[in-house]
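> Provided below for reference: sequence and predicted model.
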Amino acid sequence: MLHVKLWWLASLSAMLLFSPPTTPYPAASDKGRRKVVHVLEDDTGAVIVQTAPGKVVTHRGGTITLPCRFHHEPENVDPARIRIKWTKVTDAFQFEDVFVALGRQQRVFGPYRGRVALEQAGPGDASVIIHNITLQDYGRYECEVTNDMEDDTGFVSLDLEGVVFPYYLRLGRYKLNYHEAEEACKQQDAILASHSQLHKAWLEGLDWCNAGWLEDGSVQYPIAHPRDQCGRKDTPAGVRNYGYRHKEDERYDAFCFTSKLNGQVYFLKRFKKVNYPEALKACQHDGSAMAKVGQLYAAWKFQLLDRCEAGWVEDGSVRYPIVNPRARCGGSEPGVRNLGFPDKKFRLYGVYCFRKNSDSPEAQTTQASIRTTTKFTNSTRSI
């Protein structure tokens, strides 16, 4: 039978098991530090491993350890009979396979191939390391350790540093069903935000009076300054929730989430302003691509990009990022200003471009795909 080492007194363990964490996010000084707590479930000897209470936090392109440890009795159990499996908890408590190991045999699945490996920090360590974190890696993971008929499981949440932004199409407000909202965020180098991400953004001051889809299929919007146009002035500030809506039939805007860039956004200096087709060619001639909306938000958040000049971005909108608000730069609050979707042919502005880092995995993949085509063979051996 698998057992868990109790590092804390039973009373403290019970308190950890049945009480929620006092802070939803780790302190800044705790980021990157692995936390593992082992908790006794009941008097029968059955145990659950609770790994990384709260969340482990990183950013896109980073490397993170998802911690999980186990202990088995008797001590002389053959390590070759220990099976370690990691899965990601997806929509409606379905599971996506990430990694599985049985003795020395290991297999990594789908988009995790080439990025996930056991930490192997010593006996009883089932932790995995994920390299080159993507936006899609955000979420909750299950660690399962099996020895013949006995098994223990634990969960760890992977959070990303990033920024939430509202998004709608040129067609206007409330034109997206859930699946279209999901695709719209993806096209802007982002994913649909989670409720916790939107709530954190609201705590940081996000105020938006239009409802948008979140990744769980709910529709919500954050109000920092209550007013009659946004659900009555006498209602308290907070994240307003329409609940779960029909994903195909109902239409709203989207709340997207993006993280640190593997590249740089910049305002292309030119002697004259340009229309949209000219802006597209200008970025290409400079060895870059026109920046997407999510990339501009990430540059504002992480590069501290501050430019009081309106410029085209990839979706045909015109925007500019302000870190330090000042006169004639669009208001008293920092943020990414949006001038909407002007006529692409006749309106003239600057342009924001994006250049990938030369050592980024995306740039290397692009260069490699041009030079050669590689065939991959999947192992059919079951683990």
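In hand now; what should we look at? Worth saying up front: this structure is predicted, and the values here are computed from it rather than measured. Residues are numbered from 1 along each chain as shown.
> any stretches of the chain with poor pLDDT?
1-54, 73-77, 92, 360-383 (pLDDT under 70).
> show residues contacting the helix or strand hosting residue 97.
Taking DSSP states H and E as the definition, residue 97 sits inside strand 95-102. By CB atoms under 8 Å, 6 or more residues apart in numbering, the residues outside strand 95-102 that reach it are 80, 82-90, 106-110, 112, 116, 118, 128, 141-142, 383. Backbone N, C-alpha and C define where each C-beta goes, glycine included.
> and if we set it to 10 Å?
66, 80-90, 106-113, 115-118, 120, 126, 128, 130, 137, 139, 141-144, 146, 382-383 (CB atoms under 10 Å, 6 or more residues apart in numbering).
> beyond it, next helix or strand please.
Counting by DSSP H and E, the element after strand 95-102 in chain order, helix or strand, is strand 105-108.
> which helices and strands sit right next to that next one?
For strand 105-108, the elements it packs on are strand 82-89, strand 95-102, strand 116-118, judged by 3 or more CB pairs under 10 Å, 6 or more residues apart in numbering; DSSP states H and E.
> can I get these in TSV including mean neighbour count and distance to residue 152?
Output for the helices and strands packed on strand 105-108, formatted as TSV (neighbours: other CB atoms under 10 Å; distance: least, CB to CB, whole Å):
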stretch	mean neighbour count	distance to residue 152
strand 82-89	20	11
strand 95-102	18	15
strand 116-118	16	17
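> quick one, which of these is nearest to residue 335?
Closest to residue 335 of the helices and strands packed on strand 105-108 is strand 82-89 (CB to CB; 32.5 Å).
> angles on the backbone of the nearest residue to residue 267 once chain neighbours are set aside, please.
The shortest distance from residue 267 to any non-neighbouring residue, by CB to CB, 6 or more residues apart in numbering, is to residue 307 (4.9 Å). Torsion angles at residue 307 (phi, psi; degrees, to the nearest 10) stand at phi -150, psi 120.
> any idea how far residue 307 lies from residue 338?
14 Å (CB to CB, to the nearest Å).
> biggest strand in this structure by residues?
strand 150-160 (DSSP state E).
> quick one on the thing from earlier: who does the strand holding residue 97 pair up with?
On the basis of DSSP bridges, the sheet neighbours of strand 95-102 come out as strand 82-89 (antiparallel), strand 105-108 (antiparallel).
> so where does residue 314 fall, helix or strand?
According to DSSP H and E, residue 314 maps onto no helix or strand at all.
> now the helices for this protein?
10-18, 178-187, 195-203, 276-285, 293-298, 361-371 (DSSP state H).
> now tabulate the strands paired with strand 95-102 in JSON lines and tack on distance to residue 311.
Shown next, in JSON lines, are the strands paired with strand 95-102 (distance: least, CB to CB, whole Å):
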{"stretch": "strand 82-89", "distance to residue 311": "37"}
{"stretch": "strand 105-108", "distance to residue 311": "41"}
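> okay, and the beta partners of residue 71?
residue 3.
> what about it, how many residues nearby?
When neighbours are defined as other CB atoms under 10 Å, residue 71 has 17 of them.
> surely it and residue 82 touch.
No - if you go by CB atoms under 10 Å, residue 71 and residue 82 don't touch, sitting 11.2 Å apart.
> can you redo the helices and strands packed on strand 105-108 as a markdown table with distance to residue 55?
Shown next, in a markdown table, are the helices and strands packed on strand 105-108 (distance: least, CB to CB, whole Å):
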| stretch | distance to residue 55 |
| --- | --- |
| strand 82-89 | 14 |
| strand 95-102 | 17 |
| strand 116-118 | 18 |
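> enumerate every residue touching the closest residue to residue 161 other than its chain neighbours.
Closest residue to residue 161 apart from its sequence neighbours, by CB to CB, 6+ apart: residue 59 at 4.5 Å. Going by CB under 10 Å, 6+ apart, residue 59 touches 133, 159, 160, 161, 162, 259, 260, 261, 298, 302.
> the last one against residue 163, yeah?
Put plainly, it is residue 302. Yes - Residue 302 lies in contact with residue 163 (CB under 10 Å); the separation is 8.2 Å.
> neighbour count for those two, which is higher?
More neighbours surround residue 163 than the other of residue 302 and residue 163, with 23 against 18 (other CB under 10 Å).
> contacting residues around residue 339?
Residues in contact with residue 339 (CB under 10 Å, 6+ apart) are 310, 311, 317, 318, 319, 320, 330, 347, 349.
> the third one and residue 338: what is the separation?
As judged by CB to CB, residue 317 and residue 338 stand 6 Å apart.
> need the overlap of contacts for the two.
Counting by CB under 10 Å, 6+ apart, the shared contacts of residue 317 and residue 338 are 167, 168, 293.
> would you turn the residues you listed into a markdown table with distance to residue 356 and neighbour count?
Conversion of these to a markdown table gives the following (distance: CB to CB, whole Å; neighbours: other CB atoms under 10 Å):
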| residue | distance to residue 356 | neighbour count |
| --- | --- | --- |
| 167 | 22 | 24 |
| 168 | 27 | 20 |
| 293 | 17 | 25 |
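> quick one, strands of the stretch 201-350 of the chain?
Secondary structure of the stretch 201-350 of the chain (DSSP state E, counting those that start in this stretch): strands located at 212-213, 218-223, 238-244, 253-259, 263-267, 289-290, 311-312, 318-322, 335-338, 350-356.
> out of those strands, which one sits most buried?
Stretch with highest mean neighbour count among those: strand 212-213 (a mean of 30; mean count of other CB atoms under 10 Å).
> gap between that strand and the chain center?
Per CA atoms, centre = their mean, to the nearest Å, the displacement of strand 212-213 from the mean C-alpha position of its chain is 16 Å.
> so residue 57 makes contact with residue 156?
No - look at residue 57 against residue 156 with CB under 10 Å: they stay out of range, at 11.5 Å.
> what residues are up against the residue lying closest to residue 219 once chain neighbours are set aside?
On the basis of CB to CB, 6+ apart, the spatially nearest residue to residue 219 that is not a chain neighbour turns out to be residue 242, at 4.1 Å. For residue 242, the contact set (CB under 10 Å, 6+ apart) comprises 211, 212, 213, 218, 219, 220, 221, 250, 252.
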